[in-house]
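*Asks:* Got a predicted structure here, sequence first:
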Amino acid sequence: MMAFRNLLLLLLSLLSQLIHQARGFGIVHDAAGRSSPSFARIQTQRNLATETTVVERLDLTDNFNRWKYMQNLLDEELEAQDVNQILFVLLDNYMNAPSGGDPADSSAPERTVELLEIIEGLLQYERSSIPAVKDPDCQPGDDEQALIEIEKLLPDPVEKEDAAKGAWDTVSELHGRTSLAYNEREGRPAWNVVCMVARVMIYFEFLTGDGLVSSVPKAN
């Protein structure tokens, strides 16, 4: 069973990589392809040491490892601090993405003022970590307001139907339809938060790797 899941992960990661390469790279900004003036190049309290440590320590530059990591997240088998720091890296990179690019070449969320305000608030947490989950077993974090704000990052199921459905489809592929249906019926708090965080990470291009690419160059 484990060998089958690993093979499925490999196929999914390869397919994702091929689609991503065919689509090309780009950054989504506002509807006109511009960043909002009030949020252009906002400098958050980014911590490049944290980014390097988490992304490189877990080798998340590798396509297969990202898909495997997402599967482990849905299985609630990860260290909470890693999850919280990776969420910070994704949102920080999104906030500080350079201007330009064709919106048609990216699946990243549209850079609306409302979305950027939510992200800016979440990036104020200390230690480059957004308190979404806590140990053991990725239980919901203690900061209820943080969880409310994270949920606001999910694509609207009506206005962004394709993105919302795509995130759920990916969760289903990685976690299994039966397991997903069971967990949704049970409605455990830990599952609800883990599934929410996973869909946010998918929406912000964790699996393609774009969301982990820093817009600030590393020092040589």
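*Replies:* Sure, I can see it.
*Asks:* roughly how far apart are the nearest residue to Asp135 once chain neighbours are set aside and Tyr125?
*Replies:* The shortest distance from Asp135 to any residue that is not its chain neighbour, by C-beta to C-beta, 6 or more residues apart in numbering, is 4.6 Å, and that residue is Ala80. All C-beta atoms are positioned from the backbone trio N, CA, C, and that covers glycine. The spacing between Ala80 and Tyr125, counted by C-beta to C-beta, to the nearest Å, is 14 Å.
*Asks:* higher neighbour count, these two?
*Replies:* Between Ala80 and Tyr125, Ala80 has the larger neighbour count (other C-beta atoms under 10 Å), namely 18 against 15.
*Asks:* and that one, what is it in contact with?
*Replies:* Shown here is Ala80, whose contacts under the criterion C-beta atoms under 8 Å, 6 or more residues apart in numbering are Val133, Lys134, Asp135, Cys138, Gln139, Gly141.
*Asks:* out of these, which are inside strands?
*Replies:* For the contacts of Ala80, membership in strands holds for Val133, Lys134, Gln139, with DSSP state E as the criterion.
*Asks:* which residues pair with the second one across the strands?
*Replies:* In this structure, Lys134 bridges to Gln139 when assessed by DSSP bridges.
*Asks:* number of nearby residues for it?
*Replies:* Residues near Lys134, counting by other C-beta under 10 Å, number 18.
*Asks:* likewise the last one?
*Replies:* One way to gauge burial is a neighbour count; for Gln139, by other C-beta under 10 Å, it gives 16.
*Asks:* Now do the contacts for Ala163.
*Replies:* Contacts for Ala163 were tallied using C-beta under 8 Å, 6+ apart; they are Ser107, Pro109, Pro155, Tyr203.
*Asks:* Remind me which helix or strand the residue nearest to the third one when sequence neighbours are not counted belongs to.
*Replies:* So that's Pro155. With C-beta to C-beta, 6+ apart as the measure, Ala163 is the residue that lies nearest to Pro155, at 3.8 Å, once sequence neighbours are left out. For Ala163, the element it lies in under DSSP states H and E is helix 161-175.
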